[in-house]
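> could you work out the structure for the sequence below:
(4 chains)
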Protein chains: 2
Amino acid sequence: MSPGAGVGFLISQLGYVISGRFKDLLAPLGLEPRQFLVLRHVAQAQGSSQQALGKALRIPASRMVSIVDSLERRGLVERRANPTDRRARALHLTPEGRSMLARTFKVAADHERAICADLSPAEREMLVGMLRRLTLARQLVPGVHPALTSEEAAAS
Amino acid sequence: MSPGAGVGFLISQLGYVISGRFKDLLAPLGLEPRQFLVLRHVAQAQGSSQQALGKALRIPASRMVSIVDSLERRGLVERRANPTDRRARALHLTPEGRSMLARTFKVAADHERAICADLSPAEREMLVGMLRRLTLARQLVPGVHPALTSEEAAAS
DNA sequence: CACTAATAGTTACAGAGTGGAACGATATAT
DNA sequence: ATATATCGTTCCACTCTGTAACTATTAGTG
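Reported below is the predicted structural model:
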């Protein structure tokens, strides 16, 4: 079979345009995919340190700095003092951060709807099931998009 | 629904690791994905100019130079004189290029097998059908992976 | 036939994005 | 106490990218 017709190529090709489209949809909110990723994880683990977050998301510490900088500048995230460790910064979502996150979820839902527009609900379910089996077989971290994290970490 | 569970995210996530894996599989042959892409298209359209190739693959002319340089240095591709236009170079596959291409196809086939290992033949067929419908709805160029081409061109 | 505009390939270059190394402040272990 | 590790930060070198300029050649126009 010629490459270009297989599952691998189709998924790879689709994945690229889908994530590119998501980036475009996020842009009007003034958010980049990586910022979205971090914002979402701060919400899930309030008070985390930058290191912990970077470790979970496989983002180098030096890169976390500027990402958190931008989120803080926009008032979406706060760097608070950690009472037990004066080196670390406890990251917290602001009310604006929370409302922004809600907006991004809406964008993501719209995106998902557009992608699945041509599929019947039954097909969609079947597709999700098969894709999920493929991801599990590849030990992907659920909810963490590798493209937004380290290039190195993927190899390790 | 939370992002990370949808079709979009799953495909995007899988696409990233699948293409990354393909890159790793290609590495032992001393070939990068972009070189593979160009090599494959030279084979499909022998005698093409670099511009024509770049246009088809959405690779800027300045970038084609180094790609073709590397392929020529490895003896996989030849820049011959174009009899009707002395500005243009006619690209041709060498015998080594052809055998290299055959090897890459074998790698791609192995890769595809590994990806689909957990799917029954019927499932695989259904998956391909659904994915193909998604790609058609998005007007993707068949066989051309956008990630290996221009960032700009995707927007146009 | 001159002259201008467009095109093929190349080179040079500047900008964005990346992770690693080094640094000061703090925490932990011996 | 003293050495070692960790957190956040800054700095930097490296890669990848497309644009612009340049030469050689071709095509169009009067």
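
> only C-alpha atoms for contact and neighbour calcs from this point on.
OK.

> hang on, A:Val7 packs against B:Leu127?
Yes - here A:Val7 reaches B:Leu127: they are 7.5 Å apart, a contact under C-alpha atoms under 8 Å.

> what about A:Gln44, distance to B:Leu14?
Counting by C-alpha to C-alpha, to the nearest Å, the separation of A:Gln44 from B:Leu14 is 23 Å.

> tell me which of those two has more neighbours.
Each of A:Gln44 and B:Leu14 has its neighbours counted (other C-alpha atoms under 10 Å in any protein chain shown); B:Leu14 has more, 25 against 12.

> for the closest residue to the more buried one other than its chain neighbours, grab the count of nearby residues.
Excluding its sequence neighbours, the residue lying closest to B:Leu14 (C-alpha to C-alpha, 6 or more residues apart in numbering or on different chains) is A:Thr135, at 6.4 Å. Neighbourhood size, A:Thr135 [other C-alpha under 10 Å]: 18.

> how about the helix or strand hosting A:Met126: buried residues?
Using DSSP states H and E, the element containing A:Met126 is helix A:121-137. Across helix A:121-137, burial judged by 16 or more other C-alpha atoms under 10 Å in any protein chain shown covers A:Arg124, A:Met126, A:Leu127, A:Val128, A:Met130, A:Leu131, A:Arg132, A:Leu134, A:Thr135.

> tell me which strands and helices it is in contact with?
Packed against helix A:121-137 by the contact rule (3 or more C-alpha pairs under 8 Å, 6 or more residues apart in numbering or on different chains; DSSP states H and E) you find helix B:7-26, helix B:121-137.

> between those, which one is nearest to B:Ala56?
helix B:121-137 (18.0 Å; C-alpha to C-alpha).

> how about the helices in chain A?
Under the criterion DSSP state H, chain A contains helices at A:7-26, A:33-44, A:50-57, A:61-73, A:95-115, A:121-137, A:151-155.

> the residue sitting nearest the centre point of chain A and chain B, how far apart?
Geometric centre of chain A, nearest residue: A:Leu37, 3.4 Å, by C-alpha atoms, centre = their mean. According to C-alpha to the nearest C-alpha, to the nearest Å, A:Leu37 and chain B sit 10 Å apart.

> if I look at that residue, how far off is B:Met130?
Separation of A:Leu37 from B:Met130 (C-alpha to C-alpha): 28 Å.

> what does A:Leu127 give?
On the measure of C-alpha to C-alpha, A:Leu127 and B:Met130 end up 8 Å apart.

> surely A:Arg89 meets A:Gln50?
Yes - contact criterion C-alpha under 8 Å: A:Arg89 and A:Gln50 qualify, at 6.8 Å.

> higher neighbour count, those two?
The neighbour count for A:Arg89 versus A:Gln50, taken as other C-alpha under 10 Å, is higher for A:Gln50 (23 against 18).

> ok, so of the buried residues of helix A:121-137, who is nearest A:Ala56?
Nearest to A:Ala56 among the buried residues of helix A:121-137: A:Thr135, at 17.9 Å, using C-alpha to C-alpha.

> tell me the pLDDT of the closest one.
Model confidence at A:Thr135, expressed as pLDDT, equals 85.

> what ranges of chain A fall below the confidence cut-off?
Chain A contains residues with pLDDT under 70 at A:1-4, A:138-156.

> residues from it in reach of DNA strand D?
A:49-52, A:61-65, A:68, A:87-90 (C-alpha under 7 Å from any atom of the strand).

> now those as TSV including distance to B:Met100?
Below are the residues of chain A next to DNA strand D laid out as TSV (distance: C-alpha to C-alpha, whole Å):
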residue	distance to B:Met100
A:Ser49	49
A:Gln50	46
A:Gln51	44
A:Ala52	45
A:Ala61	41
A:Ser62	41
A:Arg63	39
A:Met64	42
A:Val65	44
A:Val68	46
A:Arg87	54
A:Ala88	53
A:Arg89	53
A:Ala90	53
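
> now, which of those sits nearest B:Asp24?
Out of the residues of chain A next to DNA strand D, the member with the shortest distance to B:Asp24 (by C-alpha to C-alpha) is A:Arg63, at 25.2 Å.

> quick one: that closest one and A:Arg89, what's the gap?
A:Arg63 is 15 Å from A:Arg89, where distance means C-alpha to C-alpha.
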